[in-house]
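Q: Predicted model, plus sequence, below.
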Amino acid sequence: MSNVTTRPVSPPAAPEAVQPTFARPIAVSAAMATTALLVGGLVLATGLAVAGWLLGGRSSDGEGIDAALQVGVVVWLTGHAAALRVDGVVLDLVPLAGPLLVLLTARRAGRWIAVSSAPARDRHAALVVLAAGSGYGLAAAMLAYAAAPDQVAVSSLRAGMLAGGLVAAGVALGLARERGWAQLVAGLLPPAARLLARAAGAGLLAMLAAAAVTTLVVIAVHADDMMSLADRLRPDPVGAVLLVVLCLATLPNAVLWCSAYLLGPGFAVGTGTVVSPAGVSLGVLPAYPLLAALPASDGGAGWSIGLLALPVAAGAVSGVVAAGHFASGPWWRPAAAGSVAGAIAGTVLAGLLLVAGGAIGPGRLAESGPVPAAAPVAVGALVFGGLAGALARHLLRHVRSDALPGVARARSVVHSLPARWPR
């Protein structure tokens, strides 16, 4: 009988992590990303303008392609929240989709900077944020000063500060995501502050979602009127594409204008005009497709009064979520939490309403956007809703199931809401 000896089998060695042969300094990566943001945006904007110049048959124009390039630069600056003065007429309504797109793109660039660079200290990364914003802002200011057409004046200071601020904020958000800054800042906050921020975010998202759905429904109902107006403008193919892009760029503005409508005070499309649930008073409107969705001047529809409950319901979402975090203790504890969450959501919404308007033309069109009274009403409505939602959840939690019919079912629905709002 032979003995068979077996050798101990050692576990396979773990594969060594592949180390890059060269890691760029974080300053080099930031310079590359900022340049790509600048050049990419300019190429896109000027490319659309040059395409319109070529297809429009304007090759014989004395200004030629130079004018098309200047128009593209103006479009690029407008996407960075620059204010224009065209033949003495101020146009400072910002198509909010432009700055939002710049912010998101810069955030993605910030994440790329973090993962594609050699390890760096936090203070060096912070300096990179400042350098990226400063360089981008300086380029925007120079373009506003030197490249705008003669009949268009652009504030170089505003263009540089806003463009640089957007890019710096986006890059900082991207770096914070990859380097753990966000978790560090969140860890410095008290737990109650983090929970209230989540509850406020729930209410704000609910309010914006209600306004967005209402806006889309109104656009769908008035789609024929919008198409008829667009046909009367008789745009060429490139002009039609630019018109669609402009409508999409101002769609976030339309959602915030709709929020002001749901709050009650409404919005104006010119001095002395108002569009609100209580009534509609409009004058002559610019030939812009989205404005064709506005109701006709009348005394207001009775059903629109019911829309005033939506902001309160959005505040109630904040209250319900906040009450789930502060369920223990006396009744005033969840009530206070719901009120504070509603106040935070209302304050943020009020700030968004303030930046959603601006001048869209000469004369009376210099005042357009949410009525100023909509900002304090936003805070009040969401505070009231937060208080009501928190008290409702607290009462449903303590009322016996057999005390009132339907309490058990209502309590199960409310308690099924997440105790922690998702990150």
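A: Everything's here; your move.
Q: ok, which stretches of the chain are strands?
A: Under the criterion DSSP state E, strands of the chain are mapped to 84-86, 89-91, 152-154, 267-269, 274-276, 279-281, 368-370.
Q: can you list the ones you listed in TSV and add mean pLDDT?
A: Below are the strands of the chain laid out as TSV (pLDDT from 0 to 100):
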stretch	mean pLDDT
strand 84-86	85
strand 89-91	85
strand 152-154	85
strand 267-269	92
strand 274-276	90
strand 279-281	86
strand 368-370	92
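Q: what's the closest of those to L208?
A: Across the strands of the chain, L208 has its closest neighbour in strand 368-370 (13.7 Å, Cβ to Cβ). Heads up, the C-betas are built off the backbone N, CA and C, glycines and all.
Q: ok so, going back, so for L291, which of the strands of the chain sits nearest?
A: Nearest of the strands of the chain (Cβ to Cβ): strand 267-269, 6.7 Å.
Q: Show residues contacting the closest one.
A: Applying Cβ atoms under 8 Å, 6 or more residues apart in numbering, the external contacts of strand 267-269 come out as 257, 260-261, 274-276, 282, 285, 291, 294, 357, 360, 365, 367-371, 374.
Q: about what we covered before: in JSON lines, list the strands of the chain along with mean neighbour count and distance to L349.
A: Below are these laid out as JSON lines (neighbours: other Cβ atoms under 10 Å; distance: least, Cβ to Cβ, whole Å):
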{"stretch": "strand 84-86", "mean neighbour count": "17", "distance to L349": "27"}
{"stretch": "strand 89-91", "mean neighbour count": "16", "distance to L349": "25"}
{"stretch": "strand 152-154", "mean neighbour count": "19", "distance to L349": "30"}
{"stretch": "strand 267-269", "mean neighbour count": "25", "distance to L349": "14"}
{"stretch": "strand 274-276", "mean neighbour count": "20", "distance to L349": "17"}
{"stretch": "strand 279-281", "mean neighbour count": "17", "distance to L349": "23"}
{"stretch": "strand 368-370", "mean neighbour count": "24", "distance to L349": "10"}
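Q: so which of these comes closest to A126?
A: That would be strand 152-154 among the strands of the chain, by Cβ to Cβ, at 30.1 Å.
Q: Which residues outside that closest one are in contact with it?
A: The set of residues external to strand 152-154 that reach it, using Cβ under 8 Å, 6+ apart, is Q70, V74, L77, A82, A83, L84, R85, V86, A144, Y145, A148.
Q: pLDDT at the first one, what is it?
A: Looking back up the chat, that one is Q70. For Q70, the pLDDT comes out at 85.
Q: can I see the domain layout of the protein?
A: Following automatic domain parsing, one finds the domains of the chain at 26-188, 191-415.
Q: could I get the strands of the chain as a markdown table with distance to A23?
A: Formatted as a markdown table, these follow (distance: least, Cβ to Cβ, whole Å):
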| stretch | distance to A23 |
| --- | --- |
| strand 84-86 | 43 |
| strand 89-91 | 46 |
| strand 152-154 | 40 |
| strand 267-269 | 52 |
| strand 274-276 | 56 |
| strand 279-281 | 61 |
| strand 368-370 | 48 |
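Q: Just tell me which of those ends up closest to S318.
A: Among the strands of the chain, strand 368-370 sits nearest to S318 (Cβ to Cβ), with 20.8 Å.
Q: ok now the closest one, how far from the chain's centre?
A: Using Cα atoms, centre = their mean, to the nearest Å, the mean C-alpha position of strand 368-370 is found 17 Å from that of the whole chain.
Q: what is the rounded mean pLDDT of stretch 76-83?
A: Mean predicted lDDT for stretch 76-83 stands at 89.
Q: quick thing: my sequence starts at 494, can you match it?
A: From this message on, residue numbering opens at 494, which makes the last subject stretch 569-576.
Q: quick one: contacts of it?
A: 534-535, 538-539, 577, 583-585, 587-588, 591-592, 594-595, 633, 636-637, 641, 647-648, 651-652, 655-656, 659, 742.
Q: Put the alpha carbons of it into PDB.
A: Only the C-alpha atoms of stretch 569-576 are listed here, as PDB (Å, rounded to 0.1, in the frame of the first residue of the first chain):
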ATOM      1  CA  TRP A 569     -22.800  81.200 -25.100                       C
ATOM      2  CA  LEU A 570     -22.700  84.100 -22.800                       C
ATOM      3  CA  THR A 571     -26.500  84.000 -22.400                       C
ATOM      4  CA  GLY A 572     -26.200  80.400 -21.300                       C
ATOM      5  CA  HIS A 573     -24.000  81.600 -18.500                       C
ATOM      6  CA  ALA A 574     -26.600  84.100 -17.200                       C
ATOM      7  CA  ALA A 575     -25.100  87.100 -18.900                       C
ATOM      8  CA  ALA A 576     -27.300  90.200 -19.300                       C
END
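Q: next one: that stretch to chain centre, how far?
A: Stretch 569-576 has its C-alpha centroid displaced from the chain centroid by 15 Å (Cα atoms, centre = their mean).
Q: burial count for the nearest residue to A843 once chain neighbours are set aside?
A: Of all residues beyond its chain neighbours, the one nearest A843 is A868 (3.8 Å), with distances taken as Cβ to Cβ, 6 or more residues apart in numbering. The local packing of A868 (other Cβ atoms under 10 Å) involves 20 other residues.
Q: Surely L735 and L541 touch.
A: Yes. Counting by Cβ atoms under 8 Å, L541 is a contact partner of L735 at 6.7 Å.
Q: okay, now L689: neighbour count?
A: Neighbours around L689, by other Cβ under 10 Å: 24.
Q: Please read the previous query as pertaining to M720.
A: Counted with other Cβ under 10 Å, residues neighbouring M720 total 12.
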